[in-house]
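Chemist: Just a sequence and a predicted model for now, questions to come.
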Amino acid sequence: MLHEIPIQILSLGDYGLHPIVNVRIGSYYSAMLLDTGASRTTLDLQFLREHFPDLVLTSNDNGATGLGGNNIENYLVVLPQLRLTDQLIIIDTELGVIDLSTLRMKYEELGMPDVCGILGMDTLISRKAVIDLEQKKLIFREDT
């Protein structure tokens, strides 16, 4: 079975292009940055604290790199539900959690949609994703 998600390409002027996809986490609709350079799918710390204060964060001793620095303070969380399409729902998945406030502020400054996180390679590979930039679609293949 194929699941298709529209990709929106944001032009950030001198900052380049960013692909985002719409997702639903619990009852909250938001967007995630599609990032093939990110090893792990990650949520923003503030978004998580604001909307899911009861979820338990575990310190991640492995550390995180990227996003402008090394040794970024980061956590892990088991998210009860990440809905990528109406039919493609990831249940009880472990995600990274980091402070994405710099990214979110830049998007706000440029009038772009808010993002709650980064859709990384762990999710893309495990769900056999194909990124079709010509059609502006993220396609997930789910074996039945």
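Modeler: Alright, I've got the coordinates. Residues are numbered from 1 along each chain as shown.
Chemist: any idea which residue sits dead centre in this protein?
Modeler: With distances taken as Cα atoms, centre = their mean, I118 lies nearest the centre of the chain, 2.6 Å away.
Chemist: Could you check how far that residue is from L2?
Modeler: Distance of I118 to L2, given as Cβ to Cβ, to the nearest Å: 23 Å. Glycine gets a C-beta too; all of them are placed from N, C-alpha and C.
Chemist: if we can go back for a sec, can you spell out which helices and strands pack onto the helix or strand harbouring the residue nearest to the centre of the chain?
Modeler: Take DSSP states H and E as the rule and I118 turns out to sit in strand 117-119. With contacts taken as 3 or more Cβ pairs under 8 Å, 6 or more residues apart in numbering; DSSP states H and E, strand 117-119 sits against strand 28-34, strand 42-44.
Chemist: Neighbouring strands of the longest one in the sheet, and parallel or not?
Modeler: Right, strand 28-34. Sheet pairing for strand 28-34, assigned by DSSP bridges, gives strand 17-25 (antiparallel), strand 117-119 (parallel).
Chemist: Those: which one's closest to I131?
Modeler: Nearest of the strands paired with strand 28-34 to I131, taken as Cβ to Cβ: strand 17-25 at 7.8 Å.
Chemist: For that closest one, buried residues please.
Modeler: Across strand 17-25, burial judged by 16 or more other Cβ atoms under 10 Å covers H18, P19, I20, V21, N22, V23, I25.
Chemist: same deal with stretch 37-44?
Modeler: Buried, per 16+ other Cβ under 10 Å, within stretch 37-44: A38, R40, T41, T42, L43, D44.
Chemist: right, and out of the residues you listed, which lies closest to N74?
Modeler: Nearest to N74 out of the buried residues of stretch 37-44 is T42 (Cβ to Cβ; 7.8 Å).
Chemist: list the buried ones in the helix ranked longest in the chain?
Modeler: In the chain, assigned by DSSP state H, the helix with the most residues is helix 101-109. For helix 101-109, burial by neighbour count (16+ other Cβ under 10 Å) applies to L103, R104, Y107.
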